[in-house]
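Visitor: Build me a structure from this.
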Amino acid sequence: MLETDIVESMRFEMESGNTNCISEDIKANATSVGKYPIVNPNEGYPLPDSHKLTVKVTSPYGNNYHLGEHADSAEGGDYTTCFWAIDQKPSVRITIDFDWKTGVAAKDWSKVEKKGQVETMELELKKLYDTVTSIHKEMFFLREREEEMQQLNRETNSKMATLSFFSLVVCLSVAGLQIWHLKAFFERKKLL
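Guide: Predicted coordinates for the structure are as follows:
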């Protein structure tokens, strides 16, 4: 069996004294793992003291979490991770490798394999089961969202129909008033 590991992370640079924020849509009760190692500019030497970060993860409702260990999201929505580099004189450029995983991808399968000495096939079945479970939950989530969107569509359509009716009534009323006014005007001028 051929195994491939797909790594999805990003590397970005920031100047000291600046802030960089990244957002990710995470479903409620999903496990999330983030790693944000700072790239050492002097390979082989310790990381300089100037290369320090403050990291804060905020939920859609303003609750603060810290990223770096497992965190279960109690609320669904856009989670924001902000990195602050400590202000340095002269300015220092910091490079960060940021890896943010959620759901099935957040599980560390190598630890599961080491802990239980699980056979390879059994481990693959567990991975597949978790993937299927995740897809199943995603389908229910999408059905709920679809129902919400359909309800919103129905409400919007009824509001538009009501607004169109009132617009038509106003237009016809204004047209009637204009005809009445013109008729009265012409009768006063004795043109009719």
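Visitor: got the contact list for Trp84?
Guide: By CB atoms under 8 Å, 6 or more residues apart in numbering, the contact set of Trp84 is Asn18, Thr19, Leu53, Thr54, Val55, Lys56. Where C-beta positions appear, they are placed from N, C-alpha and C, glycine not excepted.
Visitor: Starting from the helix or strand harbouring the last one, tell me which strands it pairs with and how they run.
Guide: What that stands for is Lys56. Element membership for Lys56 (DSSP states H and E) is strand 53-58. Its sheet considered, strand 53-58 pairs with strand 64-65 (antiparallel), strand 77-85 (antiparallel) by DSSP bridges.
Visitor: For the ones you listed, could you give me a markdown table that also reports distance to Ala184 and mean pLDDT?
Guide: What follows is the strands paired with strand 53-58, written out as a markdown table (distance: least, CB to CB, whole Å; pLDDT from 0 to 100):
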| stretch | distance to Ala184 | mean pLDDT |
| --- | --- | --- |
| strand 64-65 | 70 | 76 |
| strand 77-85 | 61 | 83 |
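Visitor: Rebuild these as JSON lines, extending it with distance to Lys137.
Guide: Listed next are those as JSON lines, based on distance: least, CB to CB, whole Å:
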{"stretch": "strand 64-65", "distance to Lys137": "21"}
{"stretch": "strand 77-85", "distance to Lys137": "16"}
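Visitor: and those strands, which is most packed in?
Guide: The highest mean neighbour count among these, using mean count of other CB atoms under 10 Å, belongs to strand 77-85: a mean of 18.
Visitor: Would you mind identifying the next helix or strand past that one?
Guide: Next helix or strand after strand 77-85 toward the C-terminus (DSSP H and E): strand 93-102.
Visitor: Return the residues in contact with Asn18.
Guide: Taking CB under 8 Å, 6+ apart, we find Asn18 in contact with Trp84, Ala85.
Visitor: Swap in 7 Å and give it another go.
Guide: By CB atoms under 7 Å, 6 or more residues apart in numbering, Asn18 lies in contact with Ala85.
Visitor: Report pLDDT for it.
Guide: Looking at Asn18, its pLDDT reads 85.
Visitor: Quick check: phi and psi at it.
Guide: With angles defined as degrees, to the nearest 10, Asn18 sits at phi -110, psi 170.
Visitor: Distance of it relative to Ala85?
Guide: Asn18 sits 6 Å away from Ala85, going by CB to CB, to the nearest Å.
Visitor: Is the spatially most central residue of the chain part of a helix or strand, or is it coil?
Guide: Centroid-nearest residue in the chain: Asp25, 2.4 Å away (criterion: CA atoms, centre = their mean). Assigned by DSSP: H, G, I helix; E, B strand; the rest coil, the conformation of Asp25 is strand.
Visitor: Would you confirm that it contacts Asp78?
Guide: Yes: the pair Asp25 / Asp78 is scored as a contact, 5.4 Å apart, by CB atoms under 7 Å.
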